[in-house]
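Chemist: take a look and give me a structure for this.
(one chain, ligands or ions: 2)
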Amino acid sequence: MYYISISQGINNYFRSELLNTFYSMKNILVIGAAGQIGTDLTMELRRRFGNDNVIASDIKSPSEMVLNSGPFTKVDVLDKVGLEKIVAKYKITEIYHLAAILSGNAEKAPRRSWDINMEGLFNVLDVVKEKNLDKVFWPSSIAVFGPSTPRTNTPQDTVMDPNTVYGISKQAGERWCEYYFEKYGVDVRSLRYPGLISYSADAGGGTTDYAVEIFYDAIKIKKYESFLKEDTALPMMFMEDAINATIGIMEADKDLVKIRSSYNIAGISFDPQTIAKEIKNHISEFEITYKPDFRQKIADSWPQSIDESKANEDWRWEAKFGLKEMCDIMLREVEKKIKK
Ligand code: NAD
Ligand code: SER
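Modeler: Ligands and ions are numbered 1, 2, ... in the order given. This is a model prediction of the structure:
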């Protein structure tokens, strides 16, 4: 017994030393950690790589779970010197840059949104380049496509004529990411996220937000007024899939990441009447009505479904969640949250 516990002690010591060595190789900065994706991404990165190795940052305070589980620092991505100080202080080796103004909100403040989306990206790419960081993740969006893009099974390479400030900034961002990879060797990795559906944080002012809001109203008041028409199909994805894709592409061998602009990923395609029907299977009194607003025009210019075969082939991406699984989890988790 005595010898076993000594050897266990030694094993435990070496295991924790090994973990420390492994963790200390990676110090991650998440910019935009208070947002819809940043909240879940920070928590998952902390679970995988250690709480102290994942530095959350944002211009606003994050959720309590992000705040209480590891380091948080305020940063404005437009302040490059501030960004450099954080990178030096925490010996950052890689960045997930999520700070942006989303499609709906960007239309209300075009120039300011362009500055945040583009200058922010330049600051991050330049810091990664100048400080020789290992790699950087930056998300693009289905908003890079436009009215002339084929709308079903939209290919990786196709016509792109975005007509929103947000979409134009994402398309330009993709070109710059590729440029920084080609010209400076910056290891940029990127996904064109579909609309993301989650319960940890609110959606951030996009055109796909109806598919998050609907769960809150369904549980609270048994009805929802959709700002998109009943048959407006869009590609959507459950957050757990999006987080797995994000960490998946960042952890993939460098040689497997062949596209350095941004990869299509598909998720689930559905329209408001279809998700409403699925919710009705759980809440029979639930009713949906439709009152399209300015976001209808944006949605009409985006794809209805996406071809993600390049991501499947190159770095073996595969989504797990269908509409039913996603609705089951959303209804359960949103109800828990509301009852708290
Ligand atoms: P969000 O609006 O929920 O979060 C963005 C975060 O960035 C916010 O917490 C905000 O405070 C922060 N931020 C804004 N300006 C900043 C600044 N100047 N400096 C530092 N932080 C700043 O957005 P999200 O849904 O989490 O999106 C994250 C990224 O993913 C964005 O690039 C977005 O375009 C992209 N994306 C999101 C979706 C989606 O459905 N959520 C889909 C496609 C792409
Ligand atoms: N969900 C995002 C938006 O609607 C898509 O990039 O803006």
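Chemist: use CA for all of it now, contacts and neighbours both
Modeler: Fine.
Chemist: ranges for the strands of the stretch 101-250 of the chain?
Modeler: For the stretch 101-250 of the chain, strands defined by DSSP state E, counting those that start in this stretch occupy the ranges 135-137, 140-141, 188-189, 191-193, 195-197, 223-226, 234-238.
Chemist: which of the ones you listed sits most buried?
Modeler: strand 188-189 (a mean of 28; mean count of other C-alpha atoms under 10 Å).
Chemist: so how far is that strand from its chain's centroid?
Modeler: Relative to its chain's centre, strand 188-189 lies at 14 Å (C-alpha atoms, centre = their mean, to the nearest Å).
Chemist: what packs against it?
Modeler: Strand 188-189 sits against strand 135-137, helix 165-184, with contacts defined as 3 or more C-alpha pairs under 8 Å, 6 or more residues apart in numbering; DSSP states H and E.
Chemist: mean confidence for the first one?
Modeler: Averaged across strand 135-137, the pLDDT comes to 98.
Chemist: direction included, what does that strand pair against?
Modeler: strand 94-97 (parallel), strand 188-189 (parallel) (DSSP bridges).
Chemist: could you dump the ones you listed into TSV with distance to ligand 2 and mean pLDDT added?
Modeler: Below are these laid out as TSV (distance: least, C-alpha to the nearest ligand atom, whole Å; pLDDT from 0 to 100):
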stretch	distance to ligand 2	mean pLDDT
strand 94-97	14	98
strand 188-189	17	98
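Chemist: let's have those strands in JSON lines, adding distance to ligand 1.
Modeler: Converted to JSON lines, the strands paired with strand 135-137 look like this (distance: least, C-alpha to the nearest ligand atom, whole Å):
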{"stretch": "strand 94-97", "distance to ligand 1": "7"}
{"stretch": "strand 188-189", "distance to ligand 1": "13"}
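Chemist: save the ones you listed as CSV, and put in distance to Lys297 too.
Modeler: What follows is the strands paired with strand 135-137, written out as CSV (distance: least, C-alpha to C-alpha, whole Å):
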stretch, distance to Lys297
strand 94-97, 28
strand 188-189, 30
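Chemist: re the thing from before, which among the strands of the stretch 101-250 of the chain is found nearest to Glu333?
Modeler: Proximity to Glu333 (C-alpha to C-alpha) singles out strand 195-197 among the strands of the stretch 101-250 of the chain, at 12.1 Å.
Chemist: could I get the average pLDDT for that closest one?
Modeler: 98.
Chemist: by contact count, what packs against that strand?
Modeler: Packed next to strand 195-197, using 3+ C-alpha pairs under 8 Å, 6+ apart, are strand 234-238, helix 239-251.
Chemist: so what's the backbone phi/psi at Lys131?
Modeler: phi -90, psi 0 (degrees, to the nearest 10).
Chemist: nope, Asp293 is what I meant
Modeler: According to degrees, to the nearest 10, Asp293 has phi -120, psi -160.
Chemist: got the contact list for it?
Modeler: For Asp293, the contact set (C-alpha atoms under 8 Å, 6 or more residues apart in numbering) comprises Phe227, Leu228.
Chemist: can you check Phe227 too?
Modeler: Contacts of Phe227 (C-alpha under 8 Å, 6+ apart): Tyr210, Tyr290, Lys291, Pro292, Asp293, Arg295, Gln296.
Chemist: which non-adjacent residue is nearest it?
Modeler: Pro292 (4.2 Å; C-alpha to C-alpha, 6 or more residues apart in numbering).
Chemist: and the one you found, what element?
Modeler: Under the criterion DSSP states H and E, no helix or strand holds Pro292.
Chemist: how far away is it from ligand 1?
Modeler: 19 Å (C-alpha to the nearest ligand atom, to the nearest Å).
Chemist: that residue and Asp231, how far apart?
Modeler: 11 Å (C-alpha to C-alpha, to the nearest Å).
Chemist: quick one, which of those two is more surrounded?
Modeler: Pro292 (14 against 11; other C-alpha atoms under 10 Å).
Chemist: for the stretch 151-300 of the chain, give me the ranges with low pLDDT.
Modeler: Of all residues in the stretch 151-300 of the chain, none has pLDDT under 70.
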